[in-house]
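Novice: generate a structure from the sequence data that follows.
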Amino acid sequence: MSGAGRFEAPDDHEGRAEGQGHGEGHGAGQGDEGREGSAYGDHAGHAGPGGREGHGRFGDGAGGGSGRTPAGTGGPEPDGPPRIPTPRASVEDTGRPLPDLADLAPVPLDLPHDVLKSLLGAWALAACSAAETAAVEEHLGSCGGCADEARRLREAVGLLHQPESLDLDPGLRTRVLESCLERRPPRIPVPDWAAAYDAETARLDALLQDIGDAEWHAPVRLRWFEADGARSRRTTVAGVIAHLLSVDGLIAVALGLEDPLAEVTGAADQKPDRDRKPDRRAPGPAERTEAFWRTSHFPPTRSVRGPWREQSHSLVRTVCFTGGHTGGLTVSYGDFELPLHDAMLDRAFACWVHAEDIAEAVDYPYRPPAPRHLNKMIDLTARMLPTALARRRQSGLAAPARGRHLGLAGEPGRSLRLEIEGAAGGEWLIPLDSPAAVASADLEVAHVALDDTEFCQLAAGHIPPEEAAVGQVGDREAIRDVLFATAGLSRM
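Specialist: Residues are numbered from 1 along each chain as shown. Below is the predicted model:
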């Protein structure tokens, strides 16, 4: 290569071979003479004094030029194609619309019978691809054996997706027992007035069986209503069962059974007089419970479940031998007494209320009692309201309406109609003026309506009277007295 102004560029193949063989190219000369350099020095050229100095792609060129000069010209030749092609642009970066794969028809598969039969399970669960689904469904139209198998698999899949809950119906136990008793009645049946207590203690025991050891120490707040004000007491799940054990012991004492708190109440009796009332009456439910909690060396644990359940079994067994007749037996609650059949209903009501307290503390689903049992509990509350109203007047919490007088015993008096809605509902006329007065529809002065569970929550002291959802018409003062008297029936 020689001559001023003349440059014959080698082709790309020759330049690539030369560069690869030497690794670097050098051109010697001054000015425009003797221009030689690397064939790959096009992209990096630096001018030096008196000439051009080029640097090749794989080495430095110290000579007269790095660019290609067309023949007969002194200007640089346009750049040639690079050795390594640049990456192609992605279709997402071009801004062009992407193809819609949903419009593409599945490619039909030609699968043997054994493979199609093995896909029936996945097809029944809708786990096949579109092509596999089409192949299986086309095969089912021509193969009777696979079609029958596919039908059975689809029916089995339907059993795996039940729309309703798989939990057992809470009424299943009652229905099974009733069916068994119809075929083979018990030799010693449970009295109707004790059936509610038997059912509620069994339901609570099933709840306790499901919870773990740590949940026995979950905090529970006992709530009741006293002197027109809300009261509460903090305890645990185990403490609630100890409370039920303590109060159920009042019925055990009345039946002549062993009192589980005999030592505790004996220690309470030996306390100084300042801790007891002057009448030296027997401890009531709250006093028995506090004495049990106070004398326990350790906080109650799940070990209290055994004594409570054994006591409830003993009470049910004992009342079964009465033949349904209580013989006028009464149960003392300290400051008042209840007949035995009413006391059993009262304890059934307390068992349900405290079971809901426990269920709320451990996040356990719990339902109200059976309607026939709940109706008996509502009836007991309605029968206790006249006495509760009289106590409110004696304590100054309520007074007779101005210009009216209390009715005489045995005579009709002002009445309030209590309407309870729901499966356990009904209607009761409540005498307002005296417990011994006769309720009269002709002297009805007010009418209130509540839901069955709402009324029971009010009687349990869990709903303030002002917040109860009550439909009411008539004498507002009489309605208020009845609602507060209902809440006042609650106790710890």
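Novice: can you give me the strands for the stretch 151-300 of the chain?
Specialist: With strands called from DSSP state E, counting those that start in this stretch, the stretch 151-300 of the chain shows them at 219-226, 229-236.
Novice: list the buried residues in the first one.
Specialist: Under the neighbour-count criterion of 16 or more other C-beta atoms under 10 Å, strand 219-226 has Val220, Leu222, Arg223, Trp224, Phe225 buried. Every C-beta, even on glycine, is put in place using the N, C-alpha and C of the backbone.
Novice: can I get the residues you listed in CSV with distance to Asp248?
Specialist: Shown next, in CSV, are the buried residues of strand 219-226 (distance: C-beta to C-beta, whole Å):
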residue, distance to Asp248
Val220, 18
Leu222, 16
Arg223, 20
Trp224, 17
Phe225, 22
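Novice: would you map the helices across the stretch 151-300 of the chain?
Specialist: Assignment of helices within the stretch 151-300 of the chain using DSSP state H, counting those that start in this stretch yields the ranges 172-183, 192-210, 237-254, 262-269, 285-295.
Novice: which stretch in the ones you listed is the model least sure about?
Specialist: Note on these: helix 262-269 shows the lowest mean pLDDT, a mean of 60.
Novice: re earlier: mind putting the helices of the stretch 151-300 of the chain in a markdown table, mean neighbour count included?
Specialist: Below are these laid out as a markdown table (neighbours: other C-beta atoms under 10 Å):
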| stretch | mean neighbour count |
| --- | --- |
| helix 172-183 | 11 |
| helix 192-210 | 19 |
| helix 237-254 | 23 |
| helix 262-269 | 15 |
| helix 285-295 | 19 |
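Novice: in a markdown table, list these along with distance to Gly422.
Specialist: Shown next, in a markdown table, are the helices of the stretch 151-300 of the chain (distance: least, C-beta to C-beta, whole Å):
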| stretch | distance to Gly422 |
| --- | --- |
| helix 172-183 | 18 |
| helix 192-210 | 17 |
| helix 237-254 | 26 |
| helix 262-269 | 39 |
| helix 285-295 | 28 |
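Novice: among those helices, which comes closest to Gln472?
Specialist: Closest of those to Gln472 is helix 192-210, at 28.9 Å (criterion: C-beta to C-beta).
Novice: what does the closest one contact?
Specialist: Helix 192-210 is touched from outside by 170, 173-174, 190, 241, 302, 305, 309, 312, 315-316, 319-320, 324, 341, 344-345, 347-348, 351-352, 354-355, 358-359, 364, 366, 369-370, 373, 376-377, with contacts defined as C-beta atoms under 8 Å, 6 or more residues apart in numbering.
Novice: how about a cut-off of 7 Å?
Specialist: By C-beta atoms under 7 Å, 6 or more residues apart in numbering, the residues outside helix 192-210 that reach it are 190, 305, 309, 312, 316, 319, 341, 344-345, 347-348, 351-352, 355, 358-359, 364, 366, 369-370, 373, 376-377.
Novice: do stretch 253-260 as well
Specialist: Outside stretch 253-260, the residues touching it (C-beta under 7 Å, 6+ apart) are Leu245, Gly249, Ala252, Thr265, Pro307, Gln311, Ser314, Leu315, Thr318, Leu329, Val331, Leu340.
Novice: closest to Leu416 out of the helices of the stretch 151-300 of the chain?
Specialist: With C-beta to C-beta as the measure, helix 192-210 is the member of those nearest Leu416 (25.8 Å).
Novice: what's the angle from that closest one to helix 237-254?
Specialist: On the basis of axes from the mean of the first three to the mean of the last three C-alpha atoms, to 10 degrees, helix 192-210 is oriented at 150 degrees to helix 237-254.
Novice: quick one: helix 192-210 to helix 172-183, angle?
Specialist: 140 degrees.
Novice: render the CA-only coordinates of helix 192-210 in PDB, please.
Specialist: Output in PDB follows, covering the C-alpha atoms of helix 192-210 (Å, rounded to 0.1, in the frame of the first residue of the first chain):
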ATOM      1  CA  ASP A 192     -89.100 -32.200  82.100                       C
ATOM      2  CA  TRP A 193     -88.100 -29.400  84.400                       C
ATOM      3  CA  ALA A 194     -84.600 -30.800  84.700                       C
ATOM      4  CA  ALA A 195     -84.100 -31.500  81.000                       C
ATOM      5  CA  ALA A 196     -82.800 -27.900  80.300                       C
ATOM      6  CA  TYR A 197     -80.100 -28.200  83.000                       C
ATOM      7  CA  ASP A 198     -79.100 -31.600  81.700                       C
ATOM      8  CA  ALA A 199     -78.800 -30.300  78.100                       C
ATOM      9  CA  GLU A 200     -77.000 -27.000  79.000                       C
ATOM     10  CA  THR A 201     -74.400 -28.700  81.200                       C
ATOM     11  CA  ALA A 202     -73.700 -31.200  78.400                       C
ATOM     12  CA  ARG A 203     -73.300 -28.400  75.800                       C
ATOM     13  CA  LEU A 204     -70.900 -26.500  78.100                       C
ATOM     14  CA  ASP A 205     -68.900 -29.700  78.800                       C
ATOM     15  CA  ALA A 206     -68.500 -30.200  75.000                       C
ATOM     16  CA  LEU A 207     -67.100 -26.700  74.700                       C
ATOM     17  CA  LEU A 208     -64.600 -27.300  77.500                       C
ATOM     18  CA  GLN A 209     -63.500 -30.500  75.900                       C
ATOM     19  CA  ASP A 210     -62.600 -28.600  72.700                       C
END
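Novice: buried set for the biggest strand by length in the chain?
Specialist: Longest strand of the chain, by residue count under DSSP state E: strand 438-451. Of the residues in strand 438-451, Val438, Ala439, Leu443, Glu444, Val445, Ala446, His447, Val448, Ala449, Leu450, Asp451 count as buried by neighbour count, 16+ other C-beta under 10 Å.
Novice: between the residues you listed, which is closest to Asp110?
Specialist: When the buried residues of strand 438-451 are ranked by distance to Asp110 (C-beta to C-beta), Asp451 comes first, at 66.8 Å.
Novice: residue contacts, that closest one?
Specialist: So Asp451 contacts Glu421, Gly422, Ala469 (C-beta under 7 Å, 6+ apart).
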